[in-house]
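J.: Got a predicted structure plus its sequence, pasted below:
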Amino acid sequence: MEGVAPPFAAVLFDLDGVLRNTEPYHRMAYAQLARSLSGGAPPDAGEIAGKSNLQLYEALVARFGGPATAEELSQRHFRLVCQMLEEYRVGPMPGLEEALDALRRRGIPFGVVSSSWRWYVERCLRELGMYEDAAVIVTGSDGLPLKPAPAPYQAAARVFRPAPPGAVLAVEDSGSGVRSAVAAGLACAAVYNPDSGAQDLSPARWRLNSLYELPALLDGN
C-alpha cells in the first residue's frame, strides 16, 4: 500500500473480483456459452474482467449468429454464474468483513458501482449481507455509459454531496474500473486479485494486496 490517504467521506466498491471472487465463474460461464455458439472451442475474448459482459456477447452473436440475442445470452450467463456461486458456496472476499466493520466504526458510508445487471448485483449484495446498508447502488442496468466511462462513478458520488468526488474512495480490481473512477475525479485504490488477470492498475493512487489493508488506508496509514 502506497501513499498517505486523506479522510474519506464514502467508499464505493466494485462488485465482481472485489467483494466476491466471481471472476473464475464468469470465465466458466462465458466459455460454456461461447462453445455453444461456436460449436467448439470458444473464441479468444482476451481478459474479461472489467469488460462489459453484454459487449462480449454482442461480439459473439455478430460472429456466429444464432437464435439468442446478446442480451438473452448475457442474462443466461449471469444465471449460470449464480448457480455456480451457490454450488461452490462462494463467500465474501478475504478481508471484506473486516473492511465493512472498519467503515461502520468510522461512520463512513459505502456504495457499490458495477457494470453487471441490477438483479445480479442486488442478489450478490443480499447474499453478502450488504444490500440494506448500501447508500447507493449503480449498475449496468441504469442506462449509463459503462466503465471505463466516468458516468457510473459520477452518479454514485453525487449521493455524497456536498463532499467533493476526491473525498470518495473507489475500490477496484480492473483497469477499466480504475480508469472510470479516476476519470470521475474519485480517489482510487486498486486491490490485487490474481483471478482478474493482467490489468493495468497504474492510474490508481493506492495498491492493496487485499481488503485486509483497507482499514489502514482509511486511517491514512
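T.: Looks like it came in fine.
J.: Spell out the residue ranges of the strands in the protein.
T.: In the chain, strands defined by DSSP state E lie at 10-13, 110-113, 137-138, 168-172, 187-191, 206-208, listed in chain order.
J.: which of these sits most buried?
T.: strand 168-172 (a mean of 28; mean count of other C-beta atoms under 10 Å). C-beta here means a position set from N, CA and C on the backbone, and glycine is covered the same way.
J.: Name the nearest residue to the residue lying farthest from the centre of the chain, ignoring sequence neighbours.
T.: Here the centre of the chain is the reference, and by C-alpha atoms, centre = their mean the most remote residue is Gly39, at 30.4 Å. Here the nearest residue to Gly39 in space, its sequence neighbours aside, is Phe64; by C-beta to C-beta, 6 or more residues apart in numbering that works out to 8.0 Å.
J.: mind listing what the one you found touches?
T.: Phe64 makes contact with Leu37, Ser38, Gly39, according to C-beta atoms under 8 Å, 6 or more residues apart in numbering.
J.: Columns pLDDT and distance to Ala157 on top of these, output as TSV?
T.: Shown next, in TSV, are the contacts of Phe64 (pLDDT from 0 to 100; distance: C-beta to C-beta, whole Å):
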residue	pLDDT	distance to Ala157
Leu37	85	38
Ser38	78	40
Gly39	74	45
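J.: Relative to Ala157, which of the strands of the chain is closest?
T.: For the strands of the chain, the distance to Ala157 is smallest for strand 168-172, at 4.8 Å, taking C-beta to C-beta.
J.: I'd like the contacts of Phe64 laid out as TSV, including distance to Ala99.
T.: As requested, the contacts of Phe64 are exported to TSV (distance: C-beta to C-beta, whole Å):
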residue	distance to Ala99
Leu37	39
Ser38	40
Gly39	44
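J.: Show me these that map onto helices.
T.: Leu37, Ser38 (DSSP state H).
J.: quick one: the residue nearest to Ser180 when sequence neighbours are not counted and Arg161, what's the gap?
T.: Spatially, and ignoring its direct neighbours in sequence, Ser180 is nearest to Lys147 (3.9 Å; C-beta to C-beta, 6+ apart). Applying C-beta to C-beta, to the nearest Å, the value for Lys147 to Arg161 is 21 Å.
J.: If you count surrounding residues, which of those two has more?
T.: Lys147 (28 against 10; other C-beta atoms under 10 Å).
J.: Show the contacting residues for that one.
T.: Counting by C-beta under 8 Å, 6+ apart, Lys147 makes contact with Gly50, Val113, Ser115, Ser174, Ser176, Gly177, Arg179, Ser180.
J.: One more pass at 6 Å, please.
T.: Ser115, Ser176, Gly177, Ser180 (C-beta atoms under 6 Å, 6 or more residues apart in numbering).
J.: Show me how this structure divides into domains.
T.: 10-21+92-219, 23-88 (the TED database).
J.: Contacts made by the longest helix seen in the chain with the rest, please.
T.: When the chain is parsed with DSSP H, its longest helix is helix 70-87. Helix 70-87 has contacts (C-beta under 6 Å, 6+ apart) with Tyr25, His26, Ala29, Leu33, Asn53, Leu54, Tyr57, Glu58, Val61, Trp117, Tyr120.
J.: what pLDDT does the fifth one get?
T.: Reading off the confidence values, Asn53 has pLDDT 87.
J.: Kind regards, and thank you for your time.
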